[in-house]
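Build me a model from this:
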Amino acid sequence: TKNGKKYRKISKSQEAANYSLDPSVPDEGNMFSAIADMAPWQNGHKAPVFAHLDAAYDGKDWTALSIGQRLPDGRIQVTGFAWPKHVELCEAEILSACRVFKVTRFTEERNADKGYSLKSLQAAFRAAGLPIIIPKDNKGNLGYQESQNKHVKITSFLLKHWANLVWNSECQEEYKSLVTSYREGEEPDDPPDSLASLLRECFDDRSTVAKSKSPLLM
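Numbers count the residues shown, from 1 in each chain. Coordinates of the predicted model:
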């Protein structure tokens with residue numbers, strides 16, 4: 001933070017690509033710097049569109065929204081957004097993204113605020129006329145309780161699915177940059193955390209959101 005504004009140091013490859021127009025400069029120690037495929041977001045598929053929110057409340061955290069959908073060929077198209085502000089200040093942007101990408105199922109961990117932000121978004125979805133499912137756990141609570149170490153989750157689920165992802169070619173650059181430059185212990189790390197959670201909760205064998213039979217909110 002400098003003069004009340006948040007800054008982040010970009011990696012060598014990002015600096016080269018942005019200022020020298022040289023995308024070939026590698027990053028030392030970055031697991032996710034090489035994106036396998038990018039393409040325009042494909043609409044019209046019948047598969048559900050999932051979203052995962054990593055909510056920020058204070059400090060260095062960012063609010064990160066990850067969105068994904070299984071394509072007919074088995075790959076997963078993904079996109080996302082990151083905002084350096086409190087989750088309550090991001091509600092309009094979250095609703096707009098969910099509307100644009102036709103999100104049908106939405107989840108978030110409830111550790112930090114005991115599910116308050118999810119309940120607030122549930123009301124906002126209803127008011128906006130968005131028929132989005134927010135699954136409940138086996139105790140009837142919205143969202144899920146996170147118990148996995150963040151780095152283990154990112155290296156397990158994001159790394160596992162990385163080569164199978166098709167990135168939206170118009171994905172927000174800040175979100176994409178924060179994912180591809182991820183290193184353990186460096187913040188902000190909310191976008192890779194959110195994307196790893198999306199893949200675990202919605203697309204992996206242990207998926208809880210995809211299997212949920214929660215009724216529509218409408």
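
from here on, contacts and neighbour counts on C-alpha atoms
OK.

where do the helices sit along this structure?
12-15, 91-100, 116-128, 150-153, 159-161, 173-180, 190-202 (DSSP state H).

Asn43: which of these is closest?
Distance to Asn43, taken as Cα to Cα, is lowest for helix 91-100 among those, at 10.3 Å.

Which other helices and strands does that closest one contact?
With contacts defined as 3 or more Cα pairs under 8 Å, 6 or more residues apart in numbering; DSSP states H and E, helix 91-100 has these neighbours: helix 116-128.

closest to Val78 out of the helices of the chain?
helix 190-202 (8.6 Å).

angle of the closest one against helix 173-180?
70 degrees (axes from the mean of the first three to the mean of the last three Cα atoms, to 10 degrees).

Mean pLDDT per helix and strand in the protein: which one sits at the bottom?
The weakest-scoring helix or strand in the chain, judged by mean pLDDT, DSSP states H and E, is helix 12-15 (a mean of 44).

Next, find the distance separating Lys150 from Leu53.
For Lys150, the distance to Leu53 equals 15 Å [Cα to Cα, to the nearest Å].

Specify which residue of those two has the higher count of neighbours.
Here Lys150 and Leu53 are set side by side on neighbour count (other Cα atoms under 10 Å), and the busier one is Leu53, at 28 against 19.

Pick the most buried one from the helices of the chain.
helix 190-202 (a mean of 27; mean count of other Cα atoms under 10 Å).
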